[in-house]
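A.B. asks: Generate a structure from the sequence data that follows.
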Amino acid sequence: MYLLARIGGWSSQNTLWKFVEDGVLVFHAHAPSEPSRMQALMEQYRDRPMDFADASLVSAAEVRNDRRIFTIDSDFYIYQWNSQEPFDVLF
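C.D. replies: Predicted coordinates for the structure are as follows:
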């Protein structure tokens, strides 16, 4: 939301909230296994280095069984879903 506000102001943030209201964008509550997976991902991609936010997105995508990632972060063209397939980067 922070970057969205910097780029497009409140109207862009409001559009994102409408995605939440319409069920297009869903918040994710992490599963108990995710913190250890996130740590493993950060170690695997330590040469990038992968940050906590990126690791949480990759882990959530794996738990949700969904390769689609909405991001402007170019690292998601390098990260792999389930350590074997590219992400479908939406943006």
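A.B. asks: Leaving out chain neighbours, which residue sits closest to the residue nearest to the spatial centre of the chain?
C.D. replies: Geometric centre of the chain, nearest residue: Leu57, 3.1 Å, by CA atoms, centre = their mean. Leaving aside its chain neighbours, Leu57 sits nearest to Ile69 (6.2 Å; criterion: CB to CB, 6 or more residues apart in numbering). Any C-beta I mention is one placed from the backbone N, CA and C, and that applies to glycine too.
A.B. asks: Can you tell me the element the one you found falls in?
C.D. replies: strand 68-70 (DSSP states H and E).
A.B. asks: ok, now Ala53?
C.D. replies: Counting by DSSP H and E, Ala53 is part of helix 52-64.
A.B. asks: Can you mark which positions in that helix are buried?
C.D. replies: Neighbour counts over helix 52-64 (16 or more other CB atoms under 10 Å) mark Asp54, Ala55, Ser56, Leu57, Val58, Ser59, Ala60, Ala61, Glu62 as buried.
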